[in-house]
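kindly generate the corresponding structure for this input.
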Amino acid sequence: MKKILIIALTVFFTSCAELTPLIDTYSESLPLTEQEVSSGLKEALRIGSDSATTKLGTLNGYYGDDLVKILLPPEADIIVTNASKIPGGDKLIEDVIKHINYAAEDAAKEAGPIFFDAVKSITISDAFSILNGTDDAATNYLKQKTYDQLFALYNPKIQSSLDKEIAAGISTNKSWETLTSQWNKITDNPLGQMAGLHAVKTDLDSYLTEKALDGLFLKLAEEEKNIRTDPMARVTDILKRVFK
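Numbers count the residues shown, from 1 in each chain. Okay, the predicted model is just below:
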């Protein structure tokens, strides 16, 4: 009797093992359900945003990456040019740029929860639209949903960096204000107007914050495209199912 039972169990489990690949193949051929699409998109965005913020939130995440490194606006070229004429001037400017980028790296460390809240709010309709969209459709969705919150996160940190003294009594903001006010006096007088000169109205901290966020969404778009196009980047079953 025991031998018969053992044989029966052996046949049963052997049959199950043989059927498993067939069941898996059948499951993979079924149309995606709404729940699978929603879960897959949310998973992709969670993984992508976590990877992007982690990369940028590390030391030199911004500063060491030429694609996202934050530089002073073109109107600041005169500051850079004149600084290079004094001993240690080049280092002074580079230190300013370094601190701005470090401030952005600090902000990136705190961006995760903002992205996660936006991911949770994705609807079924949003998910299908994103899935069938361009390689950066999910990134564009998150940008629309999170930009204002992220700006509010990054801006104070950038502002604080700009207010730090880079020399006795001199900060980046003070230098910028002096530069633009003197320049605008020239552009506003008749000779400046005849010469076709234009006033500089750039809000420095806003400009740099926007550049920091450009870098953040650039990295997020890279992560999204990677998941869409590279099977090796689909590290969970739901990602493999949705983005096959």
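
where are the low-confidence patches of this structure?
Scanning the chain for pLDDT under 70 picks out 1-31, 79, 82-83, 166-167.

residue boundaries of the helices in it?
Ranges of helices within the chain are 2-29, 34-57, 77-83, 89-108, 112-120, 124-131, 137-163, 172-188, 190-194, 204-229, 237-242, based on DSSP state H.

could you export those to JSON lines, including columns for mean neighbour count and distance to Gly64?
(Each C-beta comes from the backbone N, C-alpha and C, glycine too.) Below are those laid out as JSON lines (neighbours: other Cβ atoms under 10 Å; distance: least, Cβ to Cβ, whole Å):
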{"stretch": "helix 2-29", "mean neighbour count": "9", "distance to Gly64": "41"}
{"stretch": "helix 34-57", "mean neighbour count": "20", "distance to Gly64": "10"}
{"stretch": "helix 77-83", "mean neighbour count": "14", "distance to Gly64": "20"}
{"stretch": "helix 89-108", "mean neighbour count": "20", "distance to Gly64": "9"}
{"stretch": "helix 112-120", "mean neighbour count": "16", "distance to Gly64": "21"}
{"stretch": "helix 124-131", "mean neighbour count": "17", "distance to Gly64": "31"}
{"stretch": "helix 137-163", "mean neighbour count": "19", "distance to Gly64": "17"}
{"stretch": "helix 172-188", "mean neighbour count": "15", "distance to Gly64": "20"}
{"stretch": "helix 190-194", "mean neighbour count": "10", "distance to Gly64": "40"}
{"stretch": "helix 204-229", "mean neighbour count": "21", "distance to Gly64": "12"}
{"stretch": "helix 237-242", "mean neighbour count": "17", "distance to Gly64": "29"}
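
redo those as a markdown table? Include distance to Val68.
Formatted as a markdown table, these follow (distance: least, Cβ to Cβ, whole Å):
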| stretch | distance to Val68 |
| --- | --- |
| helix 2-29 | 38 |
| helix 34-57 | 7 |
| helix 77-83 | 20 |
| helix 89-108 | 8 |
| helix 112-120 | 17 |
| helix 124-131 | 24 |
| helix 137-163 | 13 |
| helix 172-188 | 19 |
| helix 190-194 | 36 |
| helix 204-229 | 3 |
| helix 237-242 | 25 |
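
between these, which gets nearest to Leu67?
Of all the helices of the chain, helix 204-229 sits nearest to Leu67, with 6.5 Å by Cβ to Cβ.

list the contacts of the residue most central in space within the chain.
Central residue of the chain (Cα atoms, centre = their mean): Leu216, 2.3 Å from the mean position. Leu216 makes contact with 52-53, 56, 68, 108, 111, 150, according to Cβ atoms under 8 Å, 6 or more residues apart in numbering.

out of the helices of the chain, which is closest to Tyr63?
Among the helices of the chain, helix 89-108 sits nearest to Tyr63 (Cβ to Cβ), with 3.7 Å.

got the angle for the closest one vs helix 137-163?
Orientation check (axes from the mean of the first three to the mean of the last three Cα atoms, to 10 degrees): helix 89-108 against helix 137-163 gives 130 degrees.

identify all contacting residues around helix 89-108.
53, 56-63, 69-72, 79-80, 82-84, 150, 153-154, 157-158, 160-162, 164, 166-167, 172, 208, 212, 215-216.

try it again at 7 Å.
Outside helix 89-108, the residues within contact range by Cβ atoms under 7 Å, 6 or more residues apart in numbering are 53, 56-57, 59, 61-63, 69-72, 80, 83-84, 153-154, 157-158, 160-161, 164, 166-167, 172, 208, 212, 216.

gap between it and the chain center?
18 Å (Cα atoms, centre = their mean, to the nearest Å).

what angle separates that helix from helix 204-229?
Put simply, helix 89-108 runs at 60 degrees to helix 204-229, going by the same axes, to 10 degrees.

could you export helix 89-108 as PDB, CA atoms only?
Below are the C-alpha coordinates for helix 89-108, written out as PDB (Å, rounded to 0.1, in the frame of the first residue of the first chain):
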ATOM      1  CA  GLY A  89      39.800  83.400  -9.000                       C
ATOM      2  CA  ASP A  90      39.200  80.200 -11.100                       C
ATOM      3  CA  LYS A  91      39.100  78.100  -7.900                       C
ATOM      4  CA  LEU A  92      36.700  80.600  -6.400                       C
ATOM      5  CA  ILE A  93      34.200  80.300  -9.200                       C
ATOM      6  CA  GLU A  94      34.600  76.500  -9.200                       C
ATOM      7  CA  ASP A  95      33.900  76.400  -5.500                       C
ATOM      8  CA  VAL A  96      30.700  78.300  -6.100                       C
ATOM      9  CA  ILE A  97      29.600  75.800  -8.800                       C
ATOM     10  CA  LYS A  98      30.600  72.900  -6.500                       C
ATOM     11  CA  HIS A  99      28.500  74.200  -3.600                       C
ATOM     12  CA  ILE A 100      25.500  74.800  -5.900                       C
ATOM     13  CA  ASN A 101      25.700  71.200  -7.100                       C
ATOM     14  CA  TYR A 102      26.200  69.800  -3.600                       C
ATOM     15  CA  ALA A 103      23.000  71.600  -2.600                       C
ATOM     16  CA  ALA A 104      21.200  69.900  -5.400                       C
ATOM     17  CA  GLU A 105      22.600  66.600  -4.300                       C
ATOM     18  CA  ASP A 106      21.200  67.200  -0.800                       C
ATOM     19  CA  ALA A 107      17.800  67.900  -2.200                       C
ATOM     20  CA  ALA A 108      17.800  64.800  -4.400                       C
END
